[in-house]
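Trainee: Have a look at this fold, sequence not included:
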Ligand SMILES: *Cc1c(COP(=O)(O)O)cnc(C)c1O
């Protein structure tokens, strides 16, 4: 059948009229709640809107599904243990072309879309950057018109809710499904079974060694699908999240609620940590559960569309992406399905597997490298363990005599009683990518250099990106309008257009508008801060923002030392421009140091915010429960973006990109994507400082970091550090001491004190430029214009063409 390409550049920003919108809303409310708009609660209006939106995309969703299989499109499946979409109402409205109309129509009815949208709980199925990236990629896959789907877990509790009690972090359960998830569709008929434990006997069945499973636990995996709606292009892909249920044939085996709960608990919690490996059994179960369920459903689909006899063509139609090592078992599981399930010859299955799989590495930190104990792994997944061992055996045998025994030993998968998941992912994939240029370079030259020697062609870089639609069009509508006014609205369809904004560098009216927009966003955030914390902040002050997970390598501690230094100056009568330092950060519950940092920052905030001597020149605000929704409120109001990780430690970072897109100026170490931001905006439009990669590695190699020498020789540094233990900060003696001790250890890996002086210098320059508002606005404008470089749509175009080899979805005209 002839297929015609549907235009993806439908530039009608209003696909529905306000009148029609109001009518549909009224009829939804009438039908579902038997009430009028005037009577309806916010919750009911939200539910009615969500239902309208679902009606708006359901045809597109069905049509995309049909087109993807009927037209033989290759499909990518992005396997990730985390997805962090935040809320979906406004982004679905935007992508459908309804957002402006919805705002207007609701305003006509005396309603505020923002207030109604606030009813929706964040879909917080992730910790931070990794999960947010996965969600951004879902939006971009649909918006660029590729057949790309997500595969993950439907955690019944999302990431915990952070509360501060006495300045300490407390974790509360985040029961996000309680309010009902408006976007998911349970697809019972697509359920599959996943087996754990028991014993496997290999028996000869007509000459084929076939596994027989004995005494294993069978869990039913039920998919819940969420539509990922493309931007103005008629495409809607699927994010498939698996839930664990009792298998129907086992209902008698587990009669009690407690027994059932044990099975269902498999998907109840999201591990609340993103940078530390934690080898616990439940986590291993979760990983295998979504890997096996996802691959089974993909293989089933393939066979339905193309027939079992064409399995050799699998990689022509399917790409599976392993996002970090959590889904690395995909390699062994696909081998299992092909060899055991479809009696494919090992070598052929291996070629298919490698051609299907690709892998993204997200970290160089040793403590985050996943390894599983052979004992635990083989007990939980006996057949998979055999397959991993066989992959490992063949890998080693294949290199015998070609490379040194040392290289084989260093790179093999199973060694010293552990299974190295990154090795499995690399050996079983045709592509391995890092997430920023420096990160990929470090993978090639340091962390994975043995593999790079073996497989140079597999390695490539894909610098991360962000959903500009969410971070500008949704979070900063006034900035979006200014862009429309100056450069036209083509940028909403092609972010490259944003570069034209640079032409307004000398345009006083545009610069003034930028300043007014920022001020208005700061006034809004000031109100949020007042409501949430009681702290009153001046919107005219520098809004200095550090928002990201709390981790030693991200160095909230360096910002803290700067705050202490500013406070001490102000106490001593040394003046500084007014500044509000805003933190947002969640610590892993088991991460003692990170929680100590939170306590100290909160204690410093108490001290500073209530000291009349400093006349409100410095405020410190730590907002609770940083998540995507809060980010959408903070980021448009930021003047300064703190990206101050220890160079080499932050693989990419993405909040750096979101903040620049909203006109914040970056204070940056030359780490991760900060380097590429500097390349984009030029060194005059960023405050770069600190150790470079070679200096950091020199410290490590020579053991030449001696923080006590720095502390003794720099009185300013000493005074700031001493504040932690000399009683300056009330109510945190033990936490202050812990930080103090950490800073002064010779093996302090994050080199906080080594960067202190350079950081102060960078901040001096910040203060100087702040005195010149026109220059500040110009730098801000350049940053906004160049944020186009980090548009996730473009990142996805590179994944699609260079790794997955995808085509854009085409619809059959007849079926459309
Ligand atoms: C973007 C984002 C992150 C990642 O921030 P980094 O500074 O790149 O670590 C984490 N959490 C949320 C809620 C985000 O939106």
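Mentor: Noted; the coordinates are in hand. Keep in mind the model is a prediction, meaning the values are calculated, not measured.

Trainee: For the residue of the stretch 301-450 of the chain found nearest the ligand, list the residues it contacts.
Mentor: Nearest residue of the stretch 301-450 of the chain to the ligand (Cβ to the nearest ligand atom) works out as residue 435 at 10.3 Å. To be clear about C-beta, it is placed using only N, CA and C from the backbone, and glycine gets the same treatment. Neighbour list for residue 435: 133, 360-362, 461-464, 651-652, 672-673 [criterion: Cβ atoms under 8 Å, 6 or more residues apart in numbering].

Trainee: And residue 570, by the same measure?
Mentor: Per Cβ under 8 Å, 6+ apart, neighbours of residue 570: 576, 613-615, 617-618.

Trainee: Taking the residues you listed, tell me the two that lie furthest apart.
Mentor: In the contacts of residue 570, two members sit farther apart than any others by Cβ to Cβ. They are 576 and 613, at 13.7 Å.

Trainee: And the two? Which one has more around it.
Mentor: residue 576 (18 against 10; other Cβ atoms under 10 Å).

Trainee: Now that one: phi and psi?
Mentor: Dihedral pair for residue 576: phi -140, psi 160, per degrees, to the nearest 10.

Trainee: what number of residues lie near the closest residue to it other than its chain neighbours?
Mentor: Spatial nearest neighbour of residue 576, excluding adjacent residues (Cβ to Cβ, 6 or more residues apart in numbering): residue 566 at 5.7 Å. By other Cβ under 10 Å, the residues close to residue 566 number 24.

Trainee: those helices in the stretch 1-150 of the chain, which residues are they?
Mentor: Here the stretch 1-150 of the chain has its helices, by DSSP state H, counting those that start in this stretch, at 18-33, 42-70, 89-96, 99-108, 113-117, 129-143.

Trainee: So which of the ones you listed is nearest residue 448?
Mentor: Using Cβ to Cβ, the helices of the stretch 1-150 of the chain put helix 129-143 closest to residue 448, at 18.4 Å.

Trainee: Compute the inter-axis angle for the closest one and helix 89-96.
Mentor: Orientation check (axes from the mean of the first three to the mean of the last three Cα atoms, to 10 degrees): helix 129-143 against helix 89-96 gives 30 degrees.

Trainee: tell me which strands and helices helix 129-143 is in contact with?
Mentor: strand 75-79, strand 83-86, helix 89-96, strand 148-153, strand 217-229, strand 236-246, strand 318-323, helix 792-799 (3 or more Cβ pairs under 8 Å, 6 or more residues apart in numbering; DSSP states H and E).

Trainee: who in the chain is up against the ligand?
Mentor: Contacts of the chain with the ligand, taken as Cβ under 6 Å from any ligand atom, map to 128-129, 132, 548-549, 626-628, 631, 653-655, 658.

Trainee: possible to save those as JSON lines with distance to residue 61, secondary structure and pLDDT?
Mentor: Shown next, in JSON lines, are those (distance: Cβ to Cβ, whole Å; DSSP: H, G, I helix; E, B strand; the rest coil; pLDDT from 0 to 100):
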{"residue": "128", "distance to residue 61": "29", "secondary structure": "coil", "pLDDT": "96"}
{"residue": "129", "distance to residue 61": "28", "secondary structure": "helix", "pLDDT": "97"}
{"residue": "132", "distance to residue 61": "23", "secondary structure": "helix", "pLDDT": "98"}
{"residue": "548", "distance to residue 61": "34", "secondary structure": "coil", "pLDDT": "98"}
{"residue": "549", "distance to residue 61": "33", "secondary structure": "coil", "pLDDT": "98"}
{"residue": "626", "distance to residue 61": "32", "secondary structure": "coil", "pLDDT": "98"}
{"residue": "627", "distance to residue 61": "27", "secondary structure": "coil", "pLDDT": "98"}
{"residue": "628", "distance to residue 61": "23", "secondary structure": "helix", "pLDDT": "98"}
{"residue": "631", "distance to residue 61": "27", "secondary structure": "helix", "pLDDT": "98"}
{"residue": "653", "distance to residue 61": "33", "secondary structure": "coil", "pLDDT": "98"}
{"residue": "654", "distance to residue 61": "27", "secondary structure": "coil", "pLDDT": "98"}
{"residue": "655", "distance to residue 61": "31", "secondary structure": "helix", "pLDDT": "98"}
{"residue": "658", "distance to residue 61": "28", "secondary structure": "helix", "pLDDT": "98"}
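
Trainee: on that earlier part again, would you mind finding the most buried of the helices of the stretch 1-150 of the chain?
Mentor: Highest mean neighbour count among the helices of the stretch 1-150 of the chain (mean count of other Cβ atoms under 10 Å): helix 129-143, with a mean of 27.

Trainee: thinking again about what came up before, can I get the helices and strands packed on helix 129-143 in CSV with distance to residue 529 and mean pLDDT?
Mentor: As requested, these are exported to CSV (distance: least, Cβ to Cβ, whole Å; pLDDT from 0 to 100):
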stretch, distance to residue 529, mean pLDDT
strand 75-79, 36, 97
strand 83-86, 20, 97
helix 89-96, 22, 97
strand 148-153, 33, 98
strand 217-229, 32, 97
strand 236-246, 33, 97
strand 318-323, 34, 98
helix 792-799, 29, 98
